[in-house]
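K.L.:
Sharing a sequence plus its predicted fold:
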2 protein chains.
Amino acid sequence: MVNRIALFHGLPRGQIEEIVTTMADQTFDRGQTVLSEGETAEGFFVLVQGKVKIFKLSPEGKEQILHIVGEGESFGEVPMFAGGQFPATAETIEKSRIFFFPRAAFLDLIRKDPSVAMNMLAELSHRLRQLTRLVEELSLKEVPGRLAAYVLYLSEENNSAAEVELDITKGQLASLLGTIPETLSRILGKMSSQGIINVKGRKLKILDRNVLEELAVGGKFVI
Amino acid sequence: MVNRIALFHGLPRGQIEEIVTTMADQTFDRGQTVLSEGETAEGFFVLVQGKVKIFKLSPEGKEQILHIVGEGESFGEVPMFAGGQFPATAETIEKSRIFFFPRAAFLDLIRKDPSVAMNMLAELSHRLRQLTRLVEELSLKEVPGRLAAYVLYLSEENNSAAEVELDITKGQLASLLGTIPETLSRILGKMSSQGIINVKGRKLKILDRNVLEELAVGGKFVI
DNA sequence: CGGGTACTTGACAATGGTCAAGTGTGGTGG
DNA sequence: CCACCACACTTGACCATTGTCAAGTACCCG
């Protein structure tokens, strides 16, 4: 199980066995909070099975999803290295199995084995790139452009297939795109009626990839 | 000089001398591009003196500043650990002196000395926290709220002084707040006319901190 | 089959961007 | 030392995008 975690790739068996003795193995139902923004951290988490959303809430209750954690990915490491509290909240959106690694043992491991440090540096760098892209999308593109980029991304992930399936609800997608379900629904409707995509529940079919690509780089969306 | 770089704190003298032999020392005039989004990376940079903005450009030319690099800070590390290209562009906004550290020698150093890895993990974590906050601001607050948060941040940096001075132009501040100079100008004007702040060139005086704090957490701005 | 959640649709309001035309203001060269 | 020029900033009129509120429909799970 631990072997499948990217963070521990290349680690000798002995050290894996050592770190396993310190970790905790927890199961969460869907909709449970794993960690809350502002909490002090005693370690970090790895999602083994299920799905977790990392998000921020505004005082008025609007939610911005920063990231959907996939299986094998870690989260909640920021305070371990930078001190302080968690910068966002993590909540399961499916029944999930999560490993918790306490701070001290993991820091020891890093000092002993540089490959863990390198893996962690790669992971954090990857996360920085994703967040950079999120800022770009939110600030420089309108909602249709963000949606187009997301649909194309889903397609790439799937060998550029024309048919893709959302693995989150449309409401969650709206929150990930920095908008609300109503707006997303309207835009999906418009794209449908213009023959750009075909929407059937969570299944999307790309009908005109060129228009999507045009939108995704910042082009305007004419009604 | 190298001693003052946070990344190398705690490093024995011998290793500092070693890394110094591999680095390049460059000077840039104001307005020069240090690295461009999409370029392949051969190393990373440390700003020794001056000021650098890290930003994204939309196809229409709108700019979103992600970060203003301060003296002693590094930038451009993401591709070193995650592979690929620079996710954003870096340009000097003042005459600057910049050290460049080639990839290979630095990776060697990390493998030899875990404290450098720890410093770098702290740096990247810190950056993740900042970007998380930027996403939050852009997505969950309106411009007056972002401005209020920025002014309060400047004040904190300065022992909560009531008088603060912008160290960037208002145009750059607009880009950092995810808006345009016109909008920023109008909001500064409104805040002024309501006695919340006093604006004189780049000098701002906080007159009503409570209102600013209210705005910064997401409160509404009544005209 | 029922209940709740997810989603859709409509009318409306408002934030903030665009375009255009100024008004300073600091730095440089004559 | 002053005039000029470029650039930073301001202000006004307008409008597009998107959020709010409200109501209704579809759909999945138990």
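P.N.:
Okay, I see it.
K.L.:
any residue of the longest helix along chain A up close to DNA strand C?
P.N.:
Ranked by number of residues, the top helix in chain A under DSSP state H is helix A:114-140. No: taking C-beta under 7 Å from any atom of the strand as the criterion, helix A:114-140 and DNA strand C are apart, separated by no less than 8.1 Å. C-beta coordinates here come from the backbone N, C-alpha and C atoms, glycine included.
K.L.:
That helix close to DNA strand D?
P.N.:
No: applying C-beta under 7 Å from any atom of the strand, one finds helix A:114-140 separated from DNA strand D by no less than 9.3 Å.
K.L.:
Output the contacting helices and strands for that helix.
P.N.:
Packing partners of helix A:114-140 (3 or more C-beta pairs under 8 Å, 6 or more residues apart in numbering or on different chains; DSSP states H and E): strand A:63-69, helix A:103-112, helix A:143-157, strand B:52-57, strand B:63-69, helix B:78-82, helix B:103-112, helix B:114-140.
K.L.:
could you list every residue that touches residue A:46?
P.N.:
Contact analysis of residue A:46 by C-beta atoms under 8 Å, 6 or more residues apart in numbering or on different chains lists A:5, A:7, A:72, A:73, A:74, A:75, A:98, A:99, A:101.
K.L.:
residues from chain A in reach of DNA strand D?
P.N.:
A:60, A:62, A:142-144, A:178-180, A:182-183, A:201, A:220-221, A:223.
K.L.:
redo that, cut-off 10 Å
P.N.:
Residues of chain A lying close to DNA strand D by C-beta under 10 Å from any atom of the strand are A:30, A:58, A:60-62, A:138, A:141-147, A:174, A:177-187, A:200-203, A:220-223.
K.L.:
Emit the PyMOL select command for whichever of those residues are buried.
P.N.:
Those of the residues of chain A next to DNA strand D that count as buried under 16 or more other C-beta atoms under 10 Å in any protein chain shown are selected in PyMOL with:
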select buried, chain A and resi 62+138+141+143+144+145+146+147+174+177+178+179+184+187+221
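K.L.:
element containing residue A:46, please.
P.N.:
strand A:43-49 (DSSP states H and E).
K.L.:
try residue A:198
P.N.:
strand A:197-200.
K.L.:
list the contacts for residue A:96?
P.N.:
Per C-beta under 8 Å, 6+ apart, neighbours of residue A:96: A:27, A:28, A:30, A:34, A:47, A:48, A:49, A:50, A:51, A:52.
K.L.:
hmm, which of those residues are the buried ones?
P.N.:
Of the contacts of residue A:96, these count as buried by 16+ other C-beta under 10 Å: A:28, A:34, A:47, A:48, A:50, A:51, A:52.
K.L.:
Save those residues as TSV, and put in distance to residue B:208 too.
P.N.:
Compiled in TSV, those are given as follows (distance: C-beta to C-beta, whole Å):
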residue	distance to residue B:208
A:28	44
A:34	39
A:47	45
A:48	50
A:50	47
A:51	45
A:52	41
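K.L.:
Report the two of these separated the most.
P.N.:
Maximum pairwise distance among those (C-beta to C-beta): 12.5 Å, between A:34 and A:48.
K.L.:
residues bridging contact with these two, i.e. touching both?
P.N.:
In contact with both residue A:34 and residue A:48: A:96, A:98, using C-beta under 8 Å, 6+ apart.
K.L.:
related to what we said a few turns ago, just the contacts of residue A:96 now: which is nearest residue B:109?
P.N.:
Among the contacts of residue A:96, and counting by C-beta to C-beta, the member closest to residue B:109 is residue A:47, at 32.1 Å.
K.L.:
Name the nearest residue to the closest one, sequence neighbours excluded.
P.N.:
Spatial nearest neighbour of residue A:47, excluding adjacent residues (C-beta to C-beta, 6 or more residues apart in numbering or on different chains): residue A:69 at 5.0 Å.
K.L.:
dump the residue contacts of residue A:103.
P.N.:
A:41, A:42, A:43, A:44, A:80.
K.L.:
Any of the residues you listed buried? List them.
P.N.:
Looks like these have A:41, A:43, A:44, A:80 buried, using 16+ other C-beta under 10 Å.
K.L.:
Tell me the residues of chain A that contact DNA strand C?
P.N.:
A:30-31, A:93, A:139-140, A:142, A:166, A:168-175, A:180-190, A:192-193, A:199-202.
K.L.:
Strands - which of the residues you listed land there?
P.N.:
A:199, A:200 (DSSP state E).
K.L.:
beta partners of residue A:24?
P.N.:
Beta-bridge partners of residue A:24, counted by DSSP bridges, are residue A:100.
K.L.:
quick one, what contacts it?
P.N.:
A:99, A:100, A:102 are the contacts of residue A:24 under C-beta under 8 Å, 6+ apart.
K.L.:
among the residues you listed, which ones are buried?
P.N.:
Buried residues within the contacts of residue A:24, counting neighbours by 16+ other C-beta under 10 Å: A:99, A:100.
K.L.:
Quick check: residue A:91 is in a helix.
P.N.:
No: under DSSP: H, G, I helix; E, B strand; the rest coil, residue A:91 sits outside any helix and is assigned strand.
K.L.:
ok now do it, which residues does it touch?
P.N.:
Neighbours of residue A:91 in contact, by C-beta under 8 Å, 6+ apart: A:31, A:32, A:33, A:34, A:52, A:53, A:55.
K.L.:
again, but for residue A:37
P.N.:
Applying C-beta under 8 Å, 6+ apart, the residues contacting residue A:37 are A:56, A:57, A:85, A:86, A:87, A:88, A:89.
K.L.:
same thing with residue A:213?
P.N.:
Contacts of residue A:213 (C-beta under 8 Å, 6+ apart): A:148, A:152.
K.L.:
pretty sure it is in a helix, no?
P.N.:
Yes: according to three-state DSSP, residue A:213 belongs to a helix.
K.L.:
any idea how far it is from residue A:156?
P.N.:
Counting by C-beta to C-beta, to the nearest Å, the separation of residue A:213 from residue A:156 is 11 Å.
K.L.:
returning to what we had before: now render the contacts of residue A:96 as TSV, adding pLDDT.
P.N.:
Listed next are the contacts of residue A:96 as TSV, based on pLDDT from 0 to 100:
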residue	pLDDT
A:27	93
A:28	93
A:30	90
A:34	96
A:47	96
A:48	94
A:49	92
A:50	93
A:51	94
A:52	95
